[in-house]
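Visitor: predicted coordinates and the sequence they were generated for:
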Amino acid sequence: MIFHENLDFNQLIGYHTILYGETNTKKTYYTAKFIQFLLESENVNPKDICILDFAPKLNIIKGLKIGGKIEDFYAQSIKCNNITFEGEIIPPRLNAKNKKELYQFATINYKKTHRCLEEFNESPTPFLVINDISIYLHRGNKNFLLNSINRAKTFFGNSYYGSSIKRNFAIFFSLKEKRSVKYLLKRVNKSYITN
């Protein structure tokens with residue numbers, strides 16, 4: 001389904017939902033809006049909302065707006081249960097100069113994001129929000145991620161699913177990413193494209 005700005009967030013409570021699409025299609029913005037809705041309209045206890053923000057810092061690389069954190073769009077999200085990691089996420093396809101670097105960066109990102117998922121699994125909350133799922137999926141196990149998602153009563157996440165970020169040495173990498181995202185989309189209750 002196509003995501004519409006006037007979507008009633010109430011319809012997403014109790015379900016597992018993924019927004020997916022190209023870069024710069026407001027995926028993180030709408031994810032932040034969902035958190036704002038939970039806190040301000042539904043008066044959900046912030047500690048019942050776990051946020052895993054896997055996105056790189058907002059950058060403009062080769063004319064593309066890449067990344068952006070939930071906090072950039074909704075400052076009050078810091079009140080929630082944010083599971084964080086040291087350092088920053090490296091956008092692998094954009095920062096790598098070759099295939100070896102591509103997989104090195106993806107592996108560094110995987111270690112950070114996997115630890116966050118493990119921490120969530122140890123103490124799950126009713127609400128789970130993940131910004132930029134595809135960062136984990138570059139090297140991560142899609143079933144492990146799905147099991148984590150299934151621990152939450154309500155899940156809202158977003159993922160890159162497009163063709164604007166490409167490099168000649170990353171064709172197989174991008175194909176695997178797309179397949180993994182597709183696999184998840186078939187296994188959640190609701191999915192919306194933001195293109």
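Guide: Done, it's in.
Visitor: contacts and neighbour counts: CA atoms only from here.
Guide: OK.
Visitor: now the helices for this structure?
Guide: 27-36, 70-73, 92-95, 99-122, 133-137, 142-149, 171-185 (DSSP state H).
Visitor: residues near residue 47, how many?
Guide: When counting by other CA atoms under 10 Å, one arrives at 14 neighbours for residue 47.
Visitor: next: the one 10 residues further on.
Guide: Burial of residue 57, expressed as a neighbour count using other CA under 10 Å, amounts to 15.
Visitor: and it, what does it touch?
Guide: Taking CA atoms under 8 Å, 6 or more residues apart in numbering, we find residue 57 in contact with 66, 67, 68, 69, 88, 89.
Visitor: tell me how far stretch 76-89 lies from the chain's centre.
Guide: Mean-position distance between stretch 76-89 and its chain equals 13 Å (CA atoms, centre = their mean, to the nearest Å).
Visitor: what average pLDDT does it get?
Guide: Averaging pLDDT along stretch 76-89 gives 96.
Visitor: end to end, how far does it reach?
Guide: 22 Å (CA to CA, to the nearest Å).
Visitor: for that stretch, which positions count as buried?
Guide: Neighbour-count burial for stretch 76-89, counted by 16 or more other CA atoms under 10 Å, picks out 76, 77, 80, 81, 82, 85, 89.
Visitor: what about the nearest residue to the second one once chain neighbours are set aside, distance to residue 162?
Guide: Counting by CA to CA, 6 or more residues apart in numbering, the nearest residue to residue 77 once its immediate chain neighbours are dropped is residue 71, at 5.9 Å. Note on residue 71: its distance to residue 162, by CA to CA, is 24 Å.
Visitor: can you list the residues that contact stretch 79-91?
Guide: 46-57, 105-106, 109, 112-113, 116, 119-120.
Visitor: please pick the buried ones from those residues.
Guide: The buried subset of the contacts of stretch 79-91 - by 16+ other CA under 10 Å - is 46, 49-56, 105-106, 109, 112-113, 116, 120.
Visitor: where does the chain have low pLDDT?
Guide: 61-65 (pLDDT under 70).
Visitor: thinking again about what came up before, widest-spaced pair of the contacts of residue 57?
Guide: Distances among these were taken as CA to CA; the most separated pair is 66 and 88, at 13.6 Å.
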